[in-house]
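**Q** curious how this folds, go ahead:
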Amino acid sequence: MGEPDQINLRSVYDASHHFMGVLSPDGRLLDANKTALQAAGLTMAEVQGRPFWETPWWAHDPGEQARLKAGIQRAARGECFEMETTHTTADGRVLVVSFSIRPLLDEQGRVVALLPEGRDISDLAREREQLRLSEMRFRSLVEHAPEAIVILDAATGRFVEANAQAEVLFKAARSRLMELGPSQLSPEFQPGGRASAEAAPAHVRRALVEGTAEFEWTHQALDGELIPCEVRLLKLPGSAGDLVRGSLVDLRPWLAKERHLLESENKFRLLFERSVEGLLLLDGDRFTDCNQAVLDLLGCTEPEFLRLHPWELSPPVQPDGRASEEKARDMIATAHARGVHRFEWMHRRLSGEDFPVEVTLIPIPLGGKDILFTSWRDITDRKKAEQDRLQLERQMLHAQKLESLGVLAGGIAHDFNNLLTAILANLNLAEAGVPEDSPVAARLRATEGAALKAAELTRQMLAYSGKGRFVVRPHDLNLVVREVTDLVKVSIAKKANLHFSLEEDLPLVEADEAQLQQVILNLVTNASDALGDREGEIRVTTCARTLDETFISATFPSQGLTPGLYAVLEVGDTGVGMTPEVLARIFDPFFTTKPTGHGLGLSAIQGILRGHRAGLKVYSEPGRGTSFQVYLPATSAPRPQAALVHSDPSDVVLSGRVLLVDDEDSILEVTAKALERLGFEVATAADGREAVELFSQGPEAFRLALVDLTMPRMDGRECFKALRALRPDLPVVLCSGFSEQESVKAFLGEGLAGFIQKPYSMGTLRKALIEALHP
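**A** This next block holds a predicted model:
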C-alpha cells in the first residue's frame, strides 16, 4: 500500500467519532486516534507504551480497571470482549461508552495486536433509562391498580402478564394465571346464554380490529365463585405479537350497593305508599308525586292530581281570609328560605268538601333541584275534638256560672221565704181581727196579694236553683200537655197556628205537675213571641226515646243525664230564630230580648229541668225558627189512681201542746200566735238543741212538733232524730223555705208527718197540721 493510501487510512482513523486504538497483546497502548485523545485531553506521548488500564481513561474507577485488564487477557487469548462503561471527558462530561476489544490475528492465527473501540452511547443510554423508568412507573401503576389487569397473547389465548389484583380476583398465583386464558377463567355459559369459549375470542378480535372493546363479563375464580366484571380490552401498540391488555373491574361491590339502593328505594317507596299521612313531592308550584293517602283524601286519581296546583286543591280563600294562591306561594317561599315550614291549611276534595290538614314542607335536593318533600295530616278529628273541648269548657263554665247563681238564688229565696212567712202570718192575724167590710181589710188583702206575688217570684228563684220541685208524682206527659191546652191557646198570638203531635203510650215521668205546666206554657209563649206579628207555626210534639251514653255525651255533656228511656217534649216554631250570640245567653238570669219581662223564664225552666234530672236541647237558626227539646227520664212507677174525696176539715177542732222550732224570731213569734189562734198551746225554741232540752222535760205533754229545717247549732234533721229518740210516735211536721222534694229527701222512710213550704198562710198551716194529726 502506498503512502497516499496510508494517509487516507490515518485520516479515516482519526476522523472517526468512535474511540479507537491499538494495544500490544500484553495490553500496552501502541496508538490511539484523535477522537480518543481529544476526549480525554491527552497527547499520544503521554500515554503511548503505558498499560492501557493505567491510562487516564480508566483511572477514575479501579473496578473498571480490573474489568478492562480481565478483558485484555481474554482478547489476548483470541476472544472478543465487550462491556459498557463510562469515561470522563476533559471538560468534565461523563460519557456512557459501549467498549469492545477484538484480537488482530496473523496468517498463522496468532494474536499480534488488540484493537480497542469505544462508541459514545450517552444519548441511547438516557433514552434507555427513561424507558426503564417509564416501564417501572407503568408496572407500578399496573401492579397497584385497583382493578385486575392482565396481558393476553391473542395468538396463544393465554395471559402473559397479570397484576396482584388479578391474583386476588381469580384466587390464583401469577404463575398459574400464565397457564390460563379468559375461557378457562369463565363459566361455561355467560348470563345471556352464549358459550364463554365462543364469546371471549370474539371480544378479543374486536379489540384487535377496533383498538378497544368494552363489555360486561362473568368470570369464574379457581374456587368456582362467579365474578361479574366490567371488561375493557386495549390493543397494545407496537407489540411484536397480538397483545391485548385487559382491565377487569369487579362489579360485585357495585352490584351490592345497587342492590342495597334498590332495596332502600323499595323500602322507602313502600313506606311512602303505605303511609297513612299524605306524602307528596312539590317541584316549584307543581306536584310531581304523591301516595295513595293523598288521592284518598282528595277523592281523585293521580293524573287528575298531578295536573293541579296546590291552590287549585283548595277553596279560593283560606280561613284567615287570605287568597289560597297568594298564601300557597308565600308558604312555598318560606319553606325554601327557612328549611322546614309547618302550618295549617284548608284543602278541598273534588266533591267540593273542605277539610283541614297540617302541612309540613321540607326542602330536599333531588335530581339537581330543590324539591319540597310535603306531608299532609288530616286534622279533621283533631279540629272537631278541639271544638268539642272548647264547647265542653264553655258548657262547664256556663254550668258552673248557673250553679253559682243557683246557689245564690236558692239562698236568697230561702231567706226571702222566711221574711214572707212572717209577713203573711201577720197579715192573716191582722185580717182575722178586722171586719171583712172594713177598708183596712181591703188593704190587708191587697198587701197579702203582693206578698203572694213575691212568694211566686221566690218559687221561680228556687226553680232556677234546681231546688224547686214541690209535689213530685208520676205523671203522663200527654195528659199534662192536654190539661194546659186551653191556657196555651189563649196565650199565643192570633196569627200563630198551633199543632199537636202526641205519641200514644208514653212512659210516665216523675215531676211536679205545676212546674211541668209552667215549662210547657213558657216554651209555647216564647215560640209565640218569636213569631211576633207574622203568621207562622208552633208545633208541640211528644215521643219516647232511648238515650245511650254516646248520645248523652255528645248532646248533654254537663247535664247529668243517665242512659235509659226518656219522654221527650218538643216545642218548635217557624219564627225569627236566634243568632249564636243570643243562643249562648238565653239561660242567663235576667237576660231577655223582649221589651218587657224580668228574664227569669228560660233560666227558671232550666232550673226546673235540672231539679227533675231532665235534659234540654236547643236548636235555632236565624230566619228558620227555634226548637226546644225537653228529655224527661221515664219512671217505672204505677199510674196514679183517682184521688179520694176527703171531708171538709173546717169542722175539725184543734187542741193540745205544740213544740215550735225556728231560728227566725219574727217567724217564731207570728207562727206561735197563729197556732194559738188555731187552738194550740205553744212552746217555742230558737234552735234544735233548745227544742230537745225543752221536749226532754216532758215528752208526753206534746201533741205535735213543727220544726224548721235550716238552723244553727242543731239543724232540723238532727232535731227530728233527737225528738223521735225521746218519743218515737211524736208527729213531726217539717218547715222550710226550700221545696218539699229538696227538703224531705233526707227524711225518706223515717216517718215524717208532713211538710209546709214557706211562705204559708194560716189556712195552709191549719190543713198541714190536721193532716199530720189525722193521717
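
**Q** what about the strands in the stretch 451-600 of the chain?
**A** With DSSP state E, counting those that start in this stretch as the definition, the stretch 451-600 of the chain shows strands at residue ranges 472-475, 496-502, 509-512, 536-547, 564-573.

**Q** pick the most buried one from those strands.
**A** Highest mean neighbour count among the strands of the stretch 451-600 of the chain (mean count of other CB atoms under 10 Å): strand 509-512, with a mean of 23. From N, CA and C alone the C-beta is placed, and that goes for glycine too.

**Q** tell me what that one is packed against?
**A** strand 472-475, strand 625-633 (3 or more CB pairs under 8 Å, 6 or more residues apart in numbering; DSSP states H and E).

**Q** just to revisit the earlier point, of the strands of the stretch 451-600 of the chain, which is nearest E117?
**A** Closest approach to E117 among these is made by strand 536-547 (130.4 Å; CB to CB).

**Q** worst average pLDDT in the helices and strands packed on strand 509-512?
**A** Lowest mean pLDDT within these: strand 472-475, at a mean of 83.

**Q** and that strand, what other elements does it pack with?
**A** So strand 472-475, by 3+ CB pairs under 8 Å, 6+ apart, packs with strand 509-512, helix 513-531.

**Q** just to check, K369 is in contact with L281?
**A** No. In this structure, K369 is not within contact of L281 by CB atoms under 8 Å, at 10.1 Å.

**Q** so between these two, which is more surrounded?
**A** The residue with more neighbours, out of K369 and L281, is L281; 16 against 10, by other CB atoms under 10 Å.

**Q** helix/strand/coil for A202?
**A** helix (DSSP: H, G, I helix; E, B strand; the rest coil).

**Q** for it, give its distance to L68.
**A** 59 Å (CB to CB, to the nearest Å).

**Q** neighbour count winner among the two?
**A** Between A202 and L68, L68 has the larger neighbour count (other CB under 10 Å), namely 25 against 12.

**Q** not counting its neighbours along the chain, what's nearest the more buried one?
**A** By the measure of CB to CB, 6 or more residues apart in numbering, the closest residue to L68 outside its immediate chain neighbours is W53, 4.6 Å from it.

**Q** tally of neighbours for that neighbour?
**A** 20.

**Q** which residues touch it?
**A** Neighbour list for W53: G27, Q65, A66, L68, K69, I72 [criterion: CB atoms under 8 Å, 6 or more residues apart in numbering].

**Q** which residues touch stretch 361-379?
**A** 277-283, 288, 293-294, 297, 331-332, 335-336, 339-342, 344, 347, 355-360.

**Q** what's D283 sitting at in phi/psi?
**A** Phi and psi for D283, reported as degrees, to the nearest 10, are phi -110, psi 110.

**Q** what sits closest to it if chain neighbours are left out?
**A** Counting by CB to CB, 6+ apart, D283 lies nearest to I371, which is 5.5 Å off, once chain neighbours are set aside.

**Q** do the same with V231
**A** Closest to V231 by CB to CB, 6+ apart is W217, at 4.7 Å.

**Q** one step back: report the two of the contacts of W53 separated the most.
**A** Across the contacts of W53 (CB to CB), the longest gap, 12.7 Å, separates G27 and A66.

**Q** between those two, which has more neighbouring residues?
**A** Taking other CB under 10 Å, G27 and A66 do not tie; G27 has more neighbours (21 against 12).

**Q** in contact with that one, which residues?
**A** Counted by CB under 8 Å, 6+ apart, G27 has contacts P51, F52, W53, K69, I72, Q73, A76, L114.

**Q** same check, this time on T288
**A** T288 touches L281, L282, L306, I371, counting by CB under 8 Å, 6+ apart.
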